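Asker: Here's my sequence, what's the structure:
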Amino acid sequence: MKPPRKLHIKSYGCQMNVYDAQRMVDTLAPEGFVETDSAEDADLVILNTCHIREKASEKVYSELGRLRVAKDEAARNGREMRIAVAGCVAQAEGEEIVRRAPTVDVVVGPQSYHHLPQLLARAKSEGRALETEFPVDDKFGFLPQPKPDAIRARGISAFVTVQEGCDKFCTFCVVPYTRGAEVSRPVAKIVDDVKRLAENGVREITLIGQNVNAYHGEGPDGRTWPLGKLLHRLAEIEGIVRLRYSTSHPRDVEETLIAAHRDLAALMPFVHLPVQSGSDRILAAMNRKHTADDYRRVIDRFRTARQDIAFSSDFIVGFPGETEGEFAATLALVMQIGYAGAYSFKYSPRPGTPAADMQETVSAAEMDDRLVRLQELIDTQQSAFNKAMIGETVDVLFERAARNPGQIVGRTAYLQPAHVFASPDIIGQVLPVSIASLERYSLLGELAGGAARPAPSILPQLTGA
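Answerer: Numbering: from 1, shown residues only. Next up is the predicted model:
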């Protein structure tokens, strides 16, 4: 019997890449690969790349430089190490990677990683394998199911891809070019995946997609199902106690999704809804296809359906031509909405996108200043949201043992870490916790008797309502 081969995957970027990395492990397990935390000891190293942020490709080439040294060292010791670059940088810059990094054996785009075994075999015989075309076949139909022990090892929460690609073509974004057009998986396939996860101890499912609320998969009745209807079906699966989804677009919030938040106890009242800017002119230049008021109305629809719902978002500062007044409109939007958290970034041009050709640049100093001011406001709101939990009793889904001996850590409905002293047998359970204090971003408390109370009183402190 051959000894197992060691596999190391380093993922960058979004939740989709985390999920893709897990499925690469599942794909390569039948080939005799087992995961290792050390790249230096691995027989195969995969860099699972992201192309969203500035200098993404430079980070990849820097990492490849370090791996070249490790590969040379392995060869001196009589061991063969193979290196693969996967994901969105591979999709966008495959030929350039082949030219600049001869140490790379395989380059594979995010829609083709189910072909990894064949690509590794081709690289062995031909010296190099490149596949960055969008395949006509659905990769999910070819991916092997994760083994039960692998599911259990990954914990009680899991990602499930339901949709890939994006048809919005925001002028700053490379996703339509690296992930392709929107494609939704059939309901039956998703239900099968979630049932298998639930049977092996998963209690929380996060549905993911580049534009997840544009989901329009084929239902078992032959009709197209929207995301809200899919969530209703998944809430019926025994063992699943929490449902989430990410990332959404304001244009695709339809009524079945709003109704799901109103009617499903399992659907968590925390929505990541990127807006990017509070200025209508900048939103139009970004091709976001909505105004700031459109966004506010979507928020109002959610809040009408469920009072305790909270939001996170994405913001870009310094988009080409952004004035100080237009940036002030973003600050005003943040003040009006009130966020439990958000991600803010300085604009960086992505090659091949329309915004990369826009000439009205904002200076680096102005971008830095705006980012600091925006993030300070967001941090203030997040701190207020977290502090408002003190004295409340909230439901926590317990996930694992904490670093401190005797403590178990879980997450609230709003993804806040919560620590209690308790027995490990509470892992996988949702239990009410009385929150006593806050330490940085983590809540500290103790198990409480009875049921947790929803806490809509938290939200007015953010918005002044």
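Asker: tell me which strands and helices the lengthiest helix in the chain is in contact with?
Answerer: For the chain, the helix that runs over the most residues, judged by DSSP state H, is helix 364-387. Where contact means 3 or more Cβ pairs under 8 Å, 6 or more residues apart in numbering; DSSP states H and E, helix 364-387 is packed against strand 310-317, helix 324-337, strand 341-346, helix 460-463. All C-beta atoms are positioned from the backbone trio N, CA, C, and that covers glycine.
Asker: Could you point out the helix or strand that follows that helix?
Answerer: Per DSSP states H and E, the first helix or strand lying C-terminal to helix 364-387 is strand 393-401.
Asker: in that following strand, what's buried?
Answerer: When neighbours are counted by 16 or more other Cβ atoms under 10 Å, the buried residues of strand 393-401 are found to be T393, V394, D395, V396, L397, F398, E399.
Asker: Tell me which other helices or strands it touches.
Answerer: Here strand 393-401 touches strand 407-411, strand 417-421, strand 430-439, going by 3+ Cβ pairs under 8 Å, 6+ apart.
Asker: mind running it again at 6 Å?
Answerer: Judged by 3 or more Cβ pairs under 6 Å, 6 or more residues apart in numbering; DSSP states H and E, strand 393-401 is in contact with strand 407-411, strand 430-439.
Asker: Can you tell me the strand partners of the longest one and which way each runs?
Answerer: In the sheet containing strand 430-439, the strands it pairs with under DSSP bridges are strand 393-401 (antiparallel), strand 442-447 (antiparallel).
Asker: again, but for the shortest one
Answerer: As defined by DSSP bridges, the strand partners of strand 407-411 come to strand 393-401 (antiparallel), strand 417-421 (antiparallel).
Asker: Quick one: these as CSV, columns for distance to M335 too.
Answerer: Formatted as CSV, the strands paired with strand 407-411 follow (distance: least, Cβ to Cβ, whole Å):
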stretch, distance to M335
strand 393-401, 26
strand 417-421, 27
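Asker: can you put those in JSON lines and add distance to S157 and mean pLDDT?
Answerer: Listed next are the strands paired with strand 407-411 as JSON lines, based on distance: least, Cβ to Cβ, whole Å; pLDDT from 0 to 100:
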{"stretch": "strand 393-401", "distance to S157": "7", "mean pLDDT": "96"}
{"stretch": "strand 417-421", "distance to S157": "13", "mean pLDDT": "96"}
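Asker: where does P405 sit relative to S348, distance-wise?
Answerer: 43 Å (Cβ to Cβ, to the nearest Å).
Asker: Ok, A84 next?
Answerer: For A84, the distance to S348 equals 26 Å [Cβ to Cβ].
Asker: Helices along the stretch 101-250 of the chain, start to end?
Answerer: Here the stretch 101-250 of the chain has its helices, by DSSP state H, counting those that start in this stretch, at 116-126, 148-153, 175-178, 187-199, 227-234.
Asker: How many residues are close by L431?
Answerer: Neighbourhood size, L431 [other Cβ atoms under 10 Å]: 18.
Asker: can you check P405 too?
Answerer: P405 has 7 neighbours, counted by other Cβ under 10 Å.
Asker: Could you number the chain from 36 rather than 1 from now on?
Answerer: Yes, from this point I'll number from 36; that puts the last item at P440.
Asker: Quick one: low-confidence residue ranges for the protein.
Answerer: 36, 87-91, 169-179, 485-500 (pLDDT under 70).
Asker: let's see it at 50
Answerer: For the chain, the stretches flagged by pLDDT under 50 are 487-500.
Asker: Where do the domain boundaries of it fall?
Answerer: Domain assignment for the chain, taken from the TED database, gives 40-166, 174-352, 427-482.
Asker: now those as JSON lines including distance to M393?
Answerer: Shown next, in JSON lines, are the domains of the chain (distance: least, Cβ to Cβ, whole Å):
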{"stretch": "domain 40-166", "distance to M393": "15"}
{"stretch": "domain 174-352", "distance to M393": "8"}
{"stretch": "domain 427-482", "distance to M393": "35"}
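Asker: of all the strands paired with strand 465-474, which lies closest to K422?
Answerer: Among these, the nearest to K422 by Cβ to Cβ is strand 477-482 (9.8 Å).
Asker: Next, the contact list for S283, please.
Answerer: V247, N248, L308 (Cβ atoms under 6 Å, 6 or more residues apart in numbering).
Asker: Phi and psi next, for it.
Answerer: Reported as degrees, to the nearest 10, the phi and psi values for S283 are phi -110, psi 160.
Asker: which residues does V142 bridge with?
Answerer: Following DSSP bridges, V142 is listed with bridge partners V120, L165.
Asker: Of the strands paired with strand 442-446, give the one that comes closest to Q50.
Answerer: strand 428-436 (16.3 Å).
Asker: which residues sit against the closest one?
Answerer: With Cβ under 6 Å, 6+ apart as the test, strand 428-436 has contacts from 191, 239, 277, 443, 445-447, 453, 459, 461-462, 464-465, 467-469, 483, 487-488.
Asker: now do 7 Å
Answerer: 190-192, 238-239, 276-277, 443-448, 453, 459, 461-470, 483, 487-488, 490 (Cβ atoms under 7 Å, 6 or more residues apart in numbering).
Asker: same deal with stretch 63-79?
Answerer: Under Cβ under 7 Å, 6+ apart, the answer for stretch 63-79 is 37, 39-43, 60, 80, 102, 105, 115-117, 119, 151-152, 179, 182.
Asker: List buried residues within these.
Answerer: Applying 16+ other Cβ under 10 Å to those flags R40, K41, L42, H43, V60, V80, L102, A105, M116, R117, A119, L151 as buried.
Asker: Could you single out the nearest of those residues to D392?
Answerer: A119 (32.3 Å).
Asker: Can you tell me, leaving aside adjacent residues, what's nearest to that closest one?
Answerer: Nearest residue to A119, sequence neighbours excluded (Cβ to Cβ, 6 or more residues apart in numbering): V141, at 3.9 Å.
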